[in-house]
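Participant: I would like to see how this sequence folds:
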Amino acid sequence: MRKAGHWGGPNMRNAARGLAVSVLLTVTAAGPARAQLSPCSEAMAPANACSFQDDVPGQLECMGEAVCEQGIMAACGPSSDGTAAYFCPGEFVTREDMAVHLERALRGSTYAPPPPTSAPFLDVPVTYCLAGWIKKLAEDQITAGCGDGNYCPFAAVSRAQMAIFIAKTVALKWGVSIPASGIAQGCAFNCVPGGTSCFSDVQPSEVWCPHIHFMYARCITAGCGSGLFCSNSPVRRDQMAVFLWKAFLRDSPGPPVCPGRNCP
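Facilitator: Numbers count the residues shown, from 1 in each chain. All right, here's what the predicted structure looks like:
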């Protein structure tokens, strides 16, 4: 579990960053213990030490290491003796994490935002270490916060929020639009009241309907199974690595970084 942030309290932050109950969560009893990092040093860690002690073998391992090596999603911490890094696949991604992931995906691994001169949101003080990243995400119109002038930085990112975050970043990076209607994987959708959706749990009138279908059309997600998208489910780090790889690295120039260009 990560340490509490500089503000908000340990209970609030630890609840937001709780570990998913998943077989993908690996306990490294046989390996070196993981060192604890502050949220800022973890989120802004350099793109190195990307061979993880606790990742999952196969294609997911490749995707996790690829987004790490490209500086989009750093390791969650080093081992206490400095000989290994950890990915924490079962840990939930928070909204403050997304600010760093998306700005790096958009602007490159060496990008660092300028220090803000004013607080970007009521719950993000100007002195907070990730305030610059969150402010830049708002300036890029990728986020408008979580309501009432707040950003909710410690809240876990839901699948619906993930779709909005990634779709807006992809659209901005490559200068494409997010249509409200069209064809996605052979399925017609129309994201207006009384329209149609390709997922039975995504209402056509919901604000994230176009973004979800944009992701579906680009083979970034195929939903959570049985015709569902599971909009309210929080996203784990292993899942986010796959989404980020498919959105920003799968179709990069040159040979594929990892196998599997088809839809899941």
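Participant: okay, strands next: where are they in this protein?
Facilitator: Secondary structure of the chain by DSSP state E: the strands cover 77-78, 85-86, 181-184, 187-190.
Participant: just send those back as CSV, with mean pLDDT, mean neighbour count and distance to residue 144 too.
Facilitator: Any C-beta I mention is one placed from the backbone N, CA and C, and that applies to glycine too. As requested, the strands of the chain are exported to CSV (pLDDT from 0 to 100; neighbours: other Cβ atoms under 10 Å; distance: least, Cβ to Cβ, whole Å):
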stretch, mean pLDDT, mean neighbour count, distance to residue 144
strand 77-78, 76, 20, 31
strand 85-86, 82, 24, 33
strand 181-184, 96, 15, 23
strand 187-190, 97, 18, 23
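Participant: now the ones you listed as CSV including distance to residue 249?
Facilitator: Shown next, in CSV, are the strands of the chain (distance: least, Cβ to Cβ, whole Å):
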stretch, distance to residue 249
strand 77-78, 23
strand 85-86, 19
strand 181-184, 21
strand 187-190, 26
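Participant: average pLDDT for the lengthiest helix in the chain?
Facilitator: Using DSSP state H, we find that the single longest helix of the chain is helix 159-174. The average pLDDT for helix 159-174 rounds to 97.
Participant: by mean pLDDT, point me to the weakest helix or strand of the chain.
Facilitator: The least trusted helix or strand in the chain, going by mean pLDDT, DSSP states H and E, turns out to be helix 10-16, with a mean of 40.
Participant: which of the strands of the chain sits closest to residue 99?
Facilitator: Taking Cβ to Cβ, strand 77-78 is the member of the strands of the chain nearest to residue 99, at 19.0 Å.
Participant: in stretch 198-211, what's buried?
Facilitator: For stretch 198-211, the neighbour count (16 or more other Cβ atoms under 10 Å) marks 198-199, 202, 204, 206, 208-211 as buried.
Participant: which one of those is nearest to residue 95?
Facilitator: Of all these, residue 208 has the smallest distance to residue 95: 14.7 Å, by Cβ to Cβ.
Participant: residues touching the residue located most distally from the centre of the chain, list them.
Facilitator: Centroid-distance maximum for the chain: residue 194 at 30.6 Å, with Cα atoms, centre = their mean. Taking Cβ atoms under 8 Å, 6 or more residues apart in numbering, we find residue 194 in contact with 204-205.
Participant: so where do the helices sit in the chain?
Facilitator: Under DSSP H, the chain gives helices at 10-16, 39-43, 59-69, 95-107, 131-139, 159-174, 209-217, 237-248.
Participant: and residue 261, what pLDDT?
Facilitator: pLDDT, residue 261: 43.
Participant: just for the stretch 101-250 of the chain, where's the confidence low?
Facilitator: Applying pLDDT under 70 to the stretch 101-250 of the chain picks out no residues at all.
Participant: check which helices and strands the longest helix of the chain sits against.
Facilitator: Helix 159-174 sits against helix 95-107, helix 209-217, helix 237-248, with contacts defined as 3 or more Cβ pairs under 8 Å, 6 or more residues apart in numbering; DSSP states H and E.
Participant: how about a cut-off of 10 Å?
Facilitator: helix 95-107, helix 131-139, helix 209-217, helix 237-248 (3 or more Cβ pairs under 10 Å, 6 or more residues apart in numbering; DSSP states H and E).
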